[in-house]
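> what shape does this take:
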Amino acid sequence: MLEAVRDLGSVDVRMLYDRYPDFGIDVEAEQAALARAHTIVWQHPIYWYSVPALMKLWIDQVLAYGWAYGEGGTALRGKRVLWVPTTGGEPDAYGPHGMHAHPFATYEPPIRQTALFCGMQWLEPIVVHGAHRVSEGELLVTAGRYRQRLEGLAVEH
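Next up, the predicted model:
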């Protein structure tokens, strides 16, 4: 998925685990990157029905009171956010008879509300189910749709 969009001139890829292997997030650098962006993409695997640990820490530190929300916190207001999660489970694992017992949309509200709380515009997510088992062909199709979506968002801006 990432390889399909990495070369887009309008995309600034910020791999958190590469940048901050010790979890020492450069908050000012991350906020500056967000300030430059028109659309923010949160792409990550789902770990225990949520974001990976470093992304949670990033949210806690970077989306700070007075900057991203609260009094004077308007830095992200009006920016678009696209959520691109990958799961290990197939789509049918997310439902009343599946392993996870709930539709995948059940796990979206905390991420969506984080964006909305910061005044951002929530876009329809691109969810990749069964990411570690998806065929090369299926992945190429999904990655192509992902690229087209980002290209379209760049044009809209």
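> what about the helices in the protein?
Remark: helices assigned in the chain by DSSP state H are 2-5, 16-19, 27-36, 53-62, 109-117, 136-156.
> and the last one, what other elements does it pack with?
To tie it back to what came earlier, the one meant is helix 136-156. helix 2-5, strand 39-45, strand 80-86 (3 or more Cβ pairs under 8 Å, 6 or more residues apart in numbering; DSSP states H and E). The C-beta positions use only the backbone N, C-alpha and C, and glycine is treated the same way.
> out of the ones you listed, which comes closest to residue 121?
When the helices and strands packed on helix 136-156 are compared by Cβ to Cβ, strand 80-86 sits nearest residue 121, at 4.7 Å.
> excluding chain neighbours, what is closest to residue 39?
Closest residue to residue 39 apart from its sequence neighbours, by Cβ to Cβ, 6 or more residues apart in numbering: residue 80 at 4.4 Å.
> next one: residue 157
Nearest one to residue 157, counting by Cβ to Cβ, 6+ apart, is residue 38 at 4.5 Å.
> next up, the contacts around the one you found.
Residues counted as contacts of residue 38 (Cβ atoms under 8 Å, 6 or more residues apart in numbering) are 79, 80, 153, 154, 157.
> which of those count as buried?
79, 80, 153 (16 or more other Cβ atoms under 10 Å).
> where in this structure is the helix or strand with the lowest mean pLDDT?
The helix or strand of the chain with the lowest confidence, counting by mean pLDDT, DSSP states H and E, is helix 2-5 at a mean of 89.
> still on that earlier bit, take the buried ones among the contacts of residue 38 and write them to JSON lines, including pLDDT and distance to residue 50.
Supplementary listing: the buried ones among the contacts of residue 38 in JSON lines, determined by pLDDT from 0 to 100; distance: Cβ to Cβ, whole Å:
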{"residue": "79", "pLDDT": "97", "distance to residue 50": "22"}
{"residue": "80", "pLDDT": "97", "distance to residue 50": "22"}
{"residue": "153", "pLDDT": "91", "distance to residue 50": "25"}
